[in-house]
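In: sequence and predicted structure below; questions after.
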Amino acid sequence: MSSFSVTEPSKRSKWMAGSLVIIYALVTMLPLAWIMLTGFKSPADAISYPPKMVFEPTLEGYVNLFTTRTRQTQDFLANNPPENWADEIVRQYDMVIVGPSKFGERFMNSVIIGFGSTFLSVFLGTLAAYAFSRFKIPLADDLLFFILSTRMMPPIAVAIPIFLMYRNIGLSDTHLGMILLYTAVNISLAVWLLKGFIDEIPREYEEAALIDGYTRFQAFYKVVLPQAATGIASTAIFCLIFAWNEYAFAVLLTSATAQTAPPFIPTIIGVGGLDWPAVAAGATIFLLPVMIFTILLRKHLLRGITFGAVRK
C-alpha cells in the first residue's frame, strides 16, 4: 500500500496548481508587456491592423515623450544639420526639438504627492491604530466604522464639493492640497490595516518595557513599531498604489502646477492624433516607481497578508 498524506498535496495537485499560477501570471502580465513593446514602436506600427508582433524597434516614442517639437521648412532643415540622435529621429517628420516636454515635471509631481501622502497616511494611521488598539476609547466601534465609511463613497460624488472648497481656501492645483486629500482618503485604509497588526502584538511586551522604566512613547517607539514593521510596509504599498494611480481628483483639482502624470499622459498629441508610442512610453516609466517600491517591500507584503492567519 502506498502512503497517503492528508496535509501534503500530491504531485498532480502541485503540478496543476503551478500550471494555473503560471497561466494566471502570463495573462495578467500580457497587457503590461504589450504596453512596454508599444513604447518601442513607430506610430504607424502602433496602430497597424492586424497588430505587428515583429517590428523594428525605435526610441521615437520616448523622444516624443520627453521633448517638444515644431515643424520647420526644408531650407531651415538643410542649413541646420541634426545635433544628436534624438534630433535625427524627429527630422523624418520635418521637425526639430525646441525644448523639453512637461512630462518630467508631471512625473515629479506624482512622486512628491504620491510618496508625501503615503508617508502622512502611514504616520497618522499608525498613531490612530495604536490608540484604538491599546486604549479604551468611547464609541470606538462607531468611530472605526465612520473612518471606514469614507472609503465607501465614490470619489466623483465628493469631487465638486472638494473643488469648491479648495478654490475658496487656495489649495486648488497645489501639492499640499493633493497630499492632504489623498491622505484623507488613505487614512481609513491605514487605520484598519494597522489596527489589525497592532492587535496581534502582545501587550506583555509593552508592560515589560513600562516596568523597566520606559515611557509610553518609548515603549511605542522601541517595542511596538519594530514589531509592526511588516504591517507598516504592507500598508504603505497599498496607500502608494492608490495615490499613484488616482485620476478623478487629479483631473478636477489640478491643471498646471500640481498636475500629476495620469491626467497628463493621455493628452500627448503627435502628428495626426494621439501619439500612442509616447503614451505607452509614459505609462511604462510611470509604472516603474511603484513596481520598484513593491519589489523592495515584497517580503513584508507577503508576510503582512498572512500575518495573524494562524493563531495559537
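Out: Looks like it came in fine.

In: contacts and neighbour counts: CA atoms only from here.
Out: Noted.

In: elements contacting the helix or strand hosting V96?
Out: Element membership for V96, per DSSP states H and E: strand 95-100. The helices and strands touching strand 95-100, judged by 3 or more CA pairs under 8 Å, 6 or more residues apart in numbering; DSSP states H and E, are strand 67-71, helix 85-91.

In: and the first one, what does it pack against?
Out: With contacts defined as 3+ CA pairs under 8 Å, 6+ apart, the packing partners of strand 67-71 are strand 95-100.

In: got the angle for the next helix or strand after the strand it packs on vs strand 67-71?
Out: Remark: after strand 95-100, the chain's next helix or strand is helix 103-134, criterion DSSP H and E. With axes from the mean of the first three to the mean of the last three CA atoms, to 10 degrees defining the directions, helix 103-134 sits at 150 degrees from strand 67-71.

In: could you list the buried residues of helix 103-134?
Out: 103, 105-107, 109-123, 125-126, 128-130, 132-133 (16 or more other CA atoms under 10 Å).

In: show the average pLDDT along the helix or strand that that helix is followed by.
Out: Per DSSP H and E, the first helix or strand lying C-terminal to helix 103-134 is helix 140-149. The average pLDDT for helix 140-149 rounds to 84.

In: quick check: buried residues in the following helix or strand past helix 140-149?
Out: Elements were assigned by DSSP H and E; along the chain past helix 140-149, the next helix or strand is helix 155-169. Using 16+ other CA under 10 Å as the test for burial, helix 155-169 gives P155, I162, F163, Y166.

In: quick one: contacts of helix 155-169?
Out: S172, G177, A248, F249, L252, L253 (CA atoms under 8 Å, 6 or more residues apart in numbering).

In: what do you get if the cut-off is 7 Å, keeping everything else the same?
Out: With CA atoms under 7 Å, 6 or more residues apart in numbering as the test, helix 155-169 has contacts from S172, A248, F249, L253.

In: I'd like the helices and strands packed on strand 95-100 as a markdown table, with mean pLDDT, mean neighbour count and distance to I295 appended.
Out: Supplementary listing: the helices and strands packed on strand 95-100 in a markdown table, determined by pLDDT from 0 to 100; neighbours: other CA atoms under 10 Å; distance: least, CA to CA, whole Å:
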| stretch | mean pLDDT | mean neighbour count | distance to I295 |
| --- | --- | --- | --- |
| strand 67-71 | 85 | 16 | 30 |
| helix 85-91 | 84 | 17 | 32 |
